[in-house]
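# Coordinates only, no sequence provided:
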């Protein structure tokens, strides 16, 4: 796989790990699969789906009772990413602090990675 030997591709903040573990229990899922797909105004979007069937090519990150599966095509885009879960007065959701992102759109839902060709 990609990344630094002995180091996970992504890390979870305590709030993110707690929320993922809660979602796993509520949905009876094995974890959450994180990926990227083309879309949005900046060119790419993150995806998150419940995992019911493990893909042997996924990278698995386990932390504090949470399990995250990283889709094979997303692994190189997510190296070094910290996943957080934030709650504010108006919204709650996962935030990706990704050092590989060159640009993000104003709504925060779409990103462009460094060295990614223009859409």
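Nice, thanks for sending it over. Just so you know, these numbers come straight off a predicted model, no measurement behind them. Numbering: from 1, shown residues only.
# mind showing which ranges of the protein have poor pLDDT?
Applying pLDDT under 70 to the chain flags residues 1-7, 106-110, 115-119.
# State the helix or strand in which the spatially most central residue of the chain lies.
By Cα atoms, centre = their mean, the chain has its centre lying nearest to residue 34, at 4.4 Å. For residue 34, the host element (DSSP states H and E) is strand 31-38.
# to the chain's geometric centre, what's the distance from stretch 54-68?
Put simply, stretch 54-68 sits 11 Å off its chain's centre (Cα atoms, centre = their mean, to the nearest Å).
# got the end-to-end distance for that stretch?
Start-to-end span of stretch 54-68 (Cα to Cα, to the nearest Å) is 11 Å.
# In this structure, mark out all the helices, start to finish.
14-27, 75-78 (DSSP state H).
# looking at those helices, which is closest to residue 39?
helix 75-78 (13.8 Å; Cβ to Cβ). Heads up, the C-betas are built off the backbone N, CA and C, glycines and all.
# picking up where we left off before, contact partners for the residue nearest to the centre of the chain?
10, 46, 47, 48, 68, 69, 70, 71, 74, 78, 83 (Cβ atoms under 8 Å, 6 or more residues apart in numbering).
# do that again at 10 Å, thanks
Residue 34 sits next to 9-10, 46-49, 58-59, 61, 68-71, 74-75, 77-78, 81, 83, 94, 96 when contact means Cβ atoms under 10 Å, 6 or more residues apart in numbering.
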